[in-house]
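Participant: let me see the structure of the following:
(one chain, ligands or ions: 1)
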Amino acid sequence: MSNPEKLKLGKRARHIFIVAAVLILFVSVGALAFNVEGQAGMTLMAKPTMAAVQPHTGNTAEASSDGASSRLLPENFPQPNPSASDSSSAAHPSGTKDSGAPEKLMDPAVYQAMYPGLYAGSIEPDAEKKNKTVYLTFDDGPSNLTVPLLDVLDRFHIKATFFVVGHTDPQSIKAMKEIVDRGHAIGVHSYTHRYQQIYATPAAFLTDFSEMHDLILKNTGFDTKIYRYAGGSVNDYNRNTARAIITEMNRRGYVYYDWNVSSGDAERGSTTQSIYRSTVSEVRRHNDSVVLFHNTKYKGNTLAELPKIIATLQKEGYSFDKLDPGVDNTPYIFKIPAQ
Ligand SMILES: [Zn+2]
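Facilitator: Numbering: from 1, shown residues only. Predicted structure coming up:
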């Protein structure tokens with residue numbers, strides 16, 4: 001081998017050595033990066049939940065809507081108190097501090113860490129359910145018509161369920177307490193009932209939910225585990241966020257109920273007769289029913305017609321009960337449309 005050849009070979013060896021060294025360095029750095037990412041993922045996964053939460057009974061993606069309407073029902077909801085969102089942000093700074101960065105509020109790691117006390121805990125299935133049970137539910141109260149409604153329910157010795165909103169005037173607070181004191185079920189509906197606000201992100205939903213949950217707890221002493229989405233779980237405002245919100249609320253152990261019977265009392269032009277007809281005829285089509293009514297100050301027709309509705313259904317062998325987180329929500333939740 002000539003000298004120039006040796007030189008060439010030496011050069012080539014050096015080249016090979018450098019390339020190999022660079023490759024080894026590259027692979028090591030890659031492995032290190034992968035490891036760090038893997039560790040970060042593990043940390044997130046292994047993060048303990050705040051409470052032992054029973055797996056949710058309802059599978060939202062597969063449950064049947066049972067023919068129930070999934071459109072957003074007009075609720076004739078009165079204009080919300082303008083101070084509501086202010087008091088909300090004051091009471092829950094952790095829920096609103098990130099409001100400047102909406103993408104952050106969609107990050108599960110961020111909203112799962114919010115409200116560490118907001119977990120429902122374990123739930124016992126309801127074993128005592130009778131056949132032909134009707135669960136009357138009243139949304140959007142309390143109002144001046146809540147106590148008169150409670151009087152009707154007392155007269156028939158039946159219990160019902162109230163999904164309430166953030167009214168903080170003395171009459172509403174008193175009515176909220178009456179609901180619980182007279183043995184009815186109370187659940188979160190929404191503090192503000194502002195669709196665009198509460199369905200913007202899971203974090204925004206949690207802030208509103210937490211506010212209402214705490215208002216109920218503070219005024220009635222009752223730590224409710226049930227709720228109903230404003231506008232129902234499937235509506236025009238939560239198309240992009242419903243899955244994330246429901247997943248998060250299920251993770252926290254809260255149980256929601258839509259309905260399989262609508263009284264139609266929030267529909268334009270509804271009358272006492274139409275409320276009676278819709279309710280009774282739809283209840284007859286189901287073995288068990290969750291019936292949607294409303295309890296705002298505008299729902300005098302609902303109040304007026306309730307005794308007749310209850311009397312008819314009692315005569316036909318239906319019994320009435322209040323919702324309890326142990327009542328399987330599967331037949332009463334709307335199916336989320338495929339994305
Ligand atoms: Zn409502």
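Participant: tell me the buried residues in the helix or strand containing Val147?
Facilitator: Secondary structure from DSSP states H and E places Val147 in helix 146-155. Of the residues in helix 146-155, Thr146, Leu149, Leu150, Leu153 count as buried by neighbour count, 16 or more other Cβ atoms under 10 Å. (C-beta placed from N, C-alpha, C; glycine too.)
Participant: return the member of the residues you listed nearest to Tyr195.
Facilitator: Thr146 (23.1 Å; Cβ to Cβ).
Participant: which residues does the nearest residue to the closest one once chain neighbours are set aside contact?
Facilitator: Distances taken as Cβ to Cβ, 6 or more residues apart in numbering place Ala175 nearest to Thr146, at 3.8 Å, with adjacent residues excluded. Contact analysis of Ala175 by Cβ atoms under 8 Å, 6 or more residues apart in numbering lists Gly141, Pro142, Ser143, Asn144, Thr146, Val147.
Participant: Ala175 and the ion, how far apart?
Facilitator: 16 Å (Cβ to the ion, to the nearest Å).
Participant: and if you look at Phe320?
Facilitator: Phe320 is 21 Å from the ion, by Cβ to the ion.
Participant: cool, Val110 as well?
Facilitator: 27 Å.
Participant: now Glu305
Facilitator: Taken as Cβ to the ion, the span from Glu305 to the ion is 19 Å.
Participant: can I assume that residue is in contact with Tyr276?
Facilitator: Yes. Glu305 lies in contact with Tyr276 (Cβ atoms under 8 Å); the separation is 5.2 Å.
Participant: okay, these two: which has more neighbours?
Facilitator: Glu305 (22 against 18; other Cβ atoms under 10 Å).
Participant: quick revisit: and of the buried residues of helix 146-155, the nearest to the ion?
Facilitator: Nearest to the ion among the buried residues of helix 146-155: Thr146, at 14.5 Å, using Cβ to the ion.
Participant: hmm, back to that, list the helices and strands the helix holding Val147 packs on?
Facilitator: strand 133-141, helix 170-181, helix 300-315 (3 or more Cβ pairs under 8 Å, 6 or more residues apart in numbering; DSSP states H and E).
Participant: mind putting those into TSV with mean pLDDT?
Facilitator: Output for those, formatted as TSV (pLDDT from 0 to 100):
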stretch	mean pLDDT
strand 133-141	98
helix 170-181	98
helix 300-315	97
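Participant: if you compare those, which one is most tucked away?
Facilitator: Ranked by mean neighbour count, the helices and strands packed on helix 146-155 are led by strand 133-141 with a mean of 26 (mean count of other Cβ atoms under 10 Å).
Participant: ok and it relative to helix 170-181, angle-wise?
Facilitator: Interaxial angle of strand 133-141 relative to helix 170-181 (axes from the mean of the first three to the mean of the last three Cα atoms, to 10 degrees): 160 degrees.
Participant: if I look at the nearest residue in space to Val152 that is not next to it in sequence, how far off is the ion?
Facilitator: In space, and not counting its chain neighbours, Val152 is closest to Leu306: 5.2 Å by Cβ to Cβ, 6+ apart. Applying Cβ to the ion, the value for Leu306 to the ion is 18 Å.
Participant: OK, contacts around Leu306?
Facilitator: Leu306 neighbours (Cβ under 8 Å, 6+ apart): Leu149, Val152, Phe293.
Participant: and Pro337, which of the helices and strands packed on helix 146-155 is closest to it?
Facilitator: That would be strand 133-141 among the helices and strands packed on helix 146-155, by Cβ to Cβ, at 22.5 Å.
Participant: I'd like to know which elements the closest one is packed against.
Facilitator: helix 146-155, strand 161-165, strand 289-294, helix 300-315, strand 319-320.
Participant: can you list contacts of the last one?
Facilitator: In other words, strand 319-320. 130, 132-136, 156, 158-160, 310, 313-314.
Participant: name the SS class of Gly121, please.
Facilitator: Three-state call for Gly121 (DSSP: H, G, I helix; E, B strand; the rest coil): coil.
Participant: shouldn't it be in contact with Arg252?
Facilitator: No. Applying Cβ under 8 Å, one finds Gly121 not in contact with Arg252, separated by 9.6 Å.
Participant: who's more crowded, those two?
Facilitator: Arg252 (21 against 14).
Participant: what's the neighbour count on the nearest residue to that one once chain neighbours are set aside?
Facilitator: Spatially, and ignoring its direct neighbours in sequence, Arg252 is nearest to Tyr119 (5.1 Å; Cβ to Cβ, 6+ apart). The number of residues packed near Tyr119 is 17, by other Cβ under 10 Å.
Participant: on the pLDDT front, check Tyr119 for me.
Facilitator: Tyr119 carries a pLDDT value of 95.
Participant: ditto for the one 5 residues further on
Facilitator: The predicted structure scores Glu124 at 81 on the pLDDT scale.
Participant: checking it next. Helix, strand or coil?
Facilitator: coil.
Participant: what about it, neighbour count?
Facilitator: Other residues close to Glu124 by other Cβ under 10 Å number 9.
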